[in-house]
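Enquirer: A predicted structure for the sequence below; I have some questions about it.
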Amino acid sequence: MAERTTTRQTQWLRGVLDLAVLALLAEGGEGYGYTLLQRLAEAGLPDMKAGTLYPLLNRLAADGLLDTEWRAGEGGPGRKFFTLTDQGRAVLAEMGPKWTEFARNSITVVERGMKA
């Protein structure tokens, strides 16, 4: 049962992860992989794996939604920082309201079923 729960939660996350990352970058201005993993966990989306996040960040950058910049690390390795492009902001502005409407409708259906 625990494995099934984890699989379902992973599927939920796939549906919102790109918008969540765009939203975090809109909110914070910039970030690199590790800080984004931390911010996702703080936002209630824990257990995100770097192997999931980094390909997503690279895909969003390839799609023109993020800009990237390598910076030397302070006493450690360099880091690839990500910032939203104007196109990324436009996608968030367009798809964010559609996602929140979908989420509200989904919550309504699930809550009705739990009360039945």
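Expert: Noted; the coordinates are in hand. Note that the structure is predicted; figures quoted are calculated from it, not measured.
Enquirer: Quick check: buried residues in the helix or strand bottoming out on mean pLDDT in the chain?
Expert: The weakest-scoring helix or strand in the chain, judged by mean pLDDT, DSSP states H and E, is helix 2-28 (a mean of 84). For helix 2-28, burial by neighbour count (16 or more other C-beta atoms under 10 Å) applies to 13, 17, 18, 19, 20, 21, 22, 23, 24, 25. Quick note: C-beta positions are derived from backbone N, CA and C, even for glycine.
Enquirer: Any idea how far it is from the middle of the chain?
Expert: Going by C-alpha atoms, centre = their mean, to the nearest Å, the spacing between the C-alpha centre of helix 2-28 and its chain's C-alpha centre is 6 Å.
Enquirer: ok so, going back, I'd like to know which of the buried residues of helix 2-28 is nearest to residue 104.
Expert: Proximity to residue 104 was ranked across the buried residues of helix 2-28 by C-beta to C-beta; first place goes to residue 19, at 14.6 Å.
Enquirer: where's the closest one relative to residue 89, distance?
Expert: To residue 89, residue 19 is 12 Å away according to C-beta to C-beta, to the nearest Å.
Enquirer: what do you get for residue 43?
Expert: Per C-beta to C-beta, residue 43 is found 19 Å from residue 89.
Enquirer: Equivalent analysis for residue 24, please.
Expert: On the measure of C-beta to C-beta, residue 24 and residue 89 end up 13 Å apart.
Enquirer: again, but for residue 54
Expert: Note on residue 54: its distance to residue 89, by C-beta to C-beta, is 22 Å.
Enquirer: what angle sits between the lengthiest helix in the chain and helix 2-28?
Expert: For the chain, the helix with the greatest residue count under DSSP state H is helix 86-115. Here the directions of helix 86-115 and helix 2-28 differ by 140 degrees (axes from the mean of the first three to the mean of the last three C-alpha atoms, to 10 degrees).
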